[in-house]
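Engineer: sequence first, then the predicted structure:
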Amino acid sequence: MNHENETGGPHIIVLGNEKGGTGKSTTAMHLVVSLLREGFP
Ligand SMILES: Nc1ncnc2c1ncn2[C@@H]1O[C@H](COP(=O)(O)OP(=O)(O)O)[C@@H](O)[C@H]1O
Ligand SMILES: [Mg+2]
């Protein structure tokens, strides 16, 4: 996996929703776990 974007900076993934309790933190946690399992960094 390429860990830098085309400008050499970090990727920023935004998880947004107007409403609370819609799974933003849960999704963020699953993203982190899946990236770590893929070998990130
Ligand atoms: N895909 C999903 N299916 C069912 N429940 C979910 C799902 N995603 C999150 N939840 C539950 O919804 C609640 C709020 O999730 P959370 O990630 O804390 O939301 P947010 O960060 O957007 O406020 C938690 O109890 C979480 O376990
Ligand atoms: Mg949250």
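Structural biologist: Noted; the coordinates are in hand. Numbering: from 1, shown residues only. Ligands and ions are numbered 1, 2, ... in the order given.
Engineer: up against ligand 1, what does the protein have?
Structural biologist: Within the chain, the positions near ligand 1 by CB under 6 Å from any ligand atom are 20, 21, 22, 23, 24, 25, 26. Glycine gets a C-beta too; all of them are placed from N, C-alpha and C.
Engineer: all the helices of this structure, in order from the start?
Structural biologist: Shown for the chain, the helices assigned by DSSP state H span residues 24-37.
Engineer: run through it and note the low-pLDDT ranges.
Structural biologist: Along the chain, segments meeting pLDDT under 70 span 1-4.
Engineer: tell me the residue furthest from the middle of it?
Structural biologist: Here the centre of the chain is the reference, and by CA atoms, centre = their mean the most remote residue is residue 19, at 19.3 Å.
Engineer: now do the contacts for that residue.
Structural biologist: Taking CB atoms under 8 Å, 6 or more residues apart in numbering, we find residue 19 in contact with no residue.
Engineer: separation between it and residue 28?
Structural biologist: Residue 19 sits 16 Å away from residue 28, going by CB to CB, to the nearest Å.
Engineer: one more: residue 11?
Structural biologist: To residue 28, residue 11 is 13 Å away according to CB to CB.
Engineer: out of those two, which sits in the busier spot?
Structural biologist: residue 28 (13 against 9; other CB atoms under 10 Å).
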